[in-house]
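S.K.: Below are the sequence and a predicted model for it; my questions follow.
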Amino acid sequence: MSDSTLADPDVSHETPGQQFFPPFSVTPELESEANGRISHYPESKRSAVLPLLHIVQHKFGFISEEAVSWVAAKLDLEPIKILEVVTFYPGFRQYAPGKYHVRVCRTLSCALGGSAELMEDLCKEFGIDRTSADPHHHPVSVSPCGKFSVEFAECLASCGTAPVCLVNDDFYEAVDVGMMKKACQE
Ligand code: FES
């Protein structure tokens, strides 16, 4: 399968956030990290799909088509099998977020705690237009400067301290806009 057949026409792969992430490239470090993970699954290296995708997203910000093809080749799978995983799990992205990516929990406790209003306020604060956001093809909305992005997430497992957000890999409870402004400068 060629890379071009992997492209989802509904997903724009260009965002202003791209400037904050290195372009995908297969470095000796990436190869060695990936081989290390694959070695944990001697019976079935296809079980390393999730670990490899996490490595790629952590290093490059998102899972590009090139990265999908590389993971597929490492695991002797068809690229479509990798793409199925990427599109199944909401935690994987097909385009670059901002330098500071805010995931706002919208499940019941956080919804009652004002997560929809919090999302609106964050968009105003960061200059983000969410009108074209949709949960399947375009969940992440990026500011024009590329520094900030937002996305709704499902329960982040701290329902008693709603509303709850993740900023990149850091967890925040009882969130307000001031807290997020500060978190997105650190
Ligand atoms: S509902 Fe938001 S953390 Fe559970």
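M.R.: Structure received. Residues are numbered from 1 along each chain as shown.
S.K.: contacts, neighbours, all on C-alpha from now
M.R.: OK.
S.K.: show me where this structure has helices.
M.R.: For the chain, helices defined by DSSP state H occupy the ranges 28-38, 49-60, 65-74, 79-88, 108-112, 115-126, 177-183.
S.K.: how about the residues of this structure that lie near the ligand?
M.R.: 105, 107-110, 155-159, 162, 164 (CA under 6 Å from any ligand atom).
S.K.: buried subset of these?
M.R.: 105, 107, 109-110, 155-156, 158-159, 162, 164 (16 or more other CA atoms under 10 Å).
S.K.: just curious, which of those residues is nearest to residue 29?
M.R.: Nearest to residue 29, judged by CA to CA, of those is residue 156 at 31.4 Å.
S.K.: Columns distance to residue 175 and pLDDT on top of the residues of the chain next to the ligand, output as TSV?
M.R.: TSV is the format used below for the residues of the chain next to the ligand (distance: CA to CA, whole Å; pLDDT from 0 to 100):
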residue	distance to residue 175	pLDDT
105	10	98
107	15	97
108	15	98
109	13	98
110	10	98
155	14	96
156	13	96
157	14	96
158	12	96
159	12	97
162	7	97
164	6	98
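S.K.: measure the spatially most central residue of the chain to the ligand for me?
M.R.: For the chain, the residue sitting closest to the mean C-alpha position, by CA atoms, centre = their mean, is residue 93 at 4.0 Å. Separation of residue 93 from the ligand (CA to the nearest ligand atom, to the nearest Å): 21 Å.
S.K.: Got the confidence number for that residue?
M.R.: Listed pLDDT for residue 93 reads 93.
S.K.: What is the neighbour count of the nearest residue to it once chain neighbours are set aside?
M.R.: Take residue 93 and drop its neighbours on the chain: the residue closest to it by CA to CA, 6 or more residues apart in numbering is residue 62, 5.0 Å away. By the measure other CA atoms under 10 Å, the count of residues near residue 62 is 26.
S.K.: follow-up on the earlier one: return the member of the buried ones among the residues of the chain next to the ligand nearest to residue 119.
M.R.: Of these, the one sitting nearest to residue 119 (CA to CA) turns out to be residue 105, at 9.5 Å.
S.K.: Report the contact partners of the closest one.
M.R.: By CA atoms under 8 Å, 6 or more residues apart in numbering, the contact set of residue 105 is 111, 115, 152-156, 163-165.
S.K.: Buried only: go through those for me.
M.R.: Burial by neighbour count, judged by 16+ other CA under 10 Å, picks out 111, 115, 152-153, 155-156, 163-165 from the contacts of residue 105.
S.K.: any low-confidence regions in the chain?
M.R.: Flagging of the chain using pLDDT under 70 yields the residue ranges 1-12.
S.K.: let's see 90
M.R.: Within the chain, the segments meeting pLDDT under 90 span 1-14, 90, 131-138, 186.
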